[in-house]
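> pasting the sequence and the predicted model now:
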Amino acid sequence: MAEPPEPSHPPSDPYPTLRRARTAPFAGASRPARPQLLAAALLGIVLLASGLFLWRRPHGSAGPGGEAGEGPATLATGLESEDAGLLVAPDAGRLPDPVLLSVARIVACHDRGPKKTLPDDCDRLTGLEQALSRAIEQAASCVPQSVASATIEYVADVSFSRHTLRVSLPRAARSVHDRKVVAACAAAVREGLPASSLDSLTHEHARYQISITATYRSRG
């Protein structure tokens, strides 16, 4: 019986069939790996560029009647500006008040006898203070409009025991020296303070002196 022919592979590789069976699938699978890596890299670059674009783009949307980028914040700011303009507009052309008044203060209160009361201890005559302020404001035209600035102190001297009410303009506390102007202002304020208003006032002392300083500004 004839002997079988010797195999053609070298003696150092006794299992060529098994080696080819194991390496063949991996050899075939390594060929498409490079295109897949390139596609994955391109996809990553596209995603990164899209994220940067969305992050850097202006946040806002076009509103009704507005351009792109005009969002709710821009519209709200515009409405606030319009409202502010509506509130300010009525005062924009308003002329300054012709006269500014200081806070009324009690400079003295008296009773019969030697007893003296400090001004800070006197009670307030709120109704008379308000009436004096209104009378000064209503008589603002007694100072000519051409006067750039003038200061006049009005002192109301009220006596409940005698039922009298007088108004004086101390010389030391006024910048107006025109006698006609001073007389006109004193008469106008006196007319605005009828003595009959004393009947409804609650008081603790027999006599009071109330002071209000008026500052007149030019209206020309």
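Right, received. Where do you want to start? Numbers count the residues shown, from 1 in each chain.
> where does this protein dip in pLDDT?
Where the chain drops to pLDDT under 70, the residues are 1-33, 52-96, 195-197, 219-220.
> quick one, strands of it?
99-101, 105-110, 149-159, 164-168, 207-217 (DSSP state E).
> the last one pairs with which strands, and in what direction?
Yep, that's strand 207-217 we're talking about. Within its sheet, and counting by DSSP bridges, strand 207-217 is paired with strand 99-101 (antiparallel), strand 105-110 (antiparallel), strand 149-159 (antiparallel).
> just put those in CSV and tack on distance to Val46 and mean neighbour count.
C-beta: built from backbone N, CA, C; applies to glycine. Formatted as CSV, the strands paired with strand 207-217 follow (distance: least, C-beta to C-beta, whole Å; neighbours: other C-beta atoms under 10 Å):
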stretch, distance to Val46, mean neighbour count
strand 99-101, 72, 17
strand 105-110, 81, 17
strand 149-159, 76, 19
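> between the strands of the chain, which one is nearest to Glu137?
strand 99-101 (6.1 Å; C-beta to C-beta).
> what lies in contact with that closest one?
Residues outside strand 99-101 that contact it (C-beta atoms under 8 Å, 6 or more residues apart in numbering): Ser133, Ile136, Glu137, Ala140, Val143, Ile212, Thr213, Ala214, Thr215, Tyr216, Arg217.
> quick check, nearest of those to Ala40?
Closest approach to Ala40 among the contacts of strand 99-101 (C-beta to C-beta): Arg217, at 81.1 Å.
> Val176 touches Glu153, doesn't it?
No: in this structure, Val176 is not within contact of Glu153 by C-beta atoms under 8 Å, at 10.4 Å.
> let's have the strands paired with strand 207-217 in JSON lines, adding distance to Lys180.
Below are the strands paired with strand 207-217 laid out as JSON lines (distance: least, C-beta to C-beta, whole Å):
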{"stretch": "strand 99-101", "distance to Lys180": "18"}
{"stretch": "strand 105-110", "distance to Lys180": "27"}
{"stretch": "strand 149-159", "distance to Lys180": "13"}
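> between those, which one is closest to Pro194.
When the strands paired with strand 207-217 are compared by C-beta to C-beta, strand 149-159 sits nearest Pro194, at 12.0 Å.
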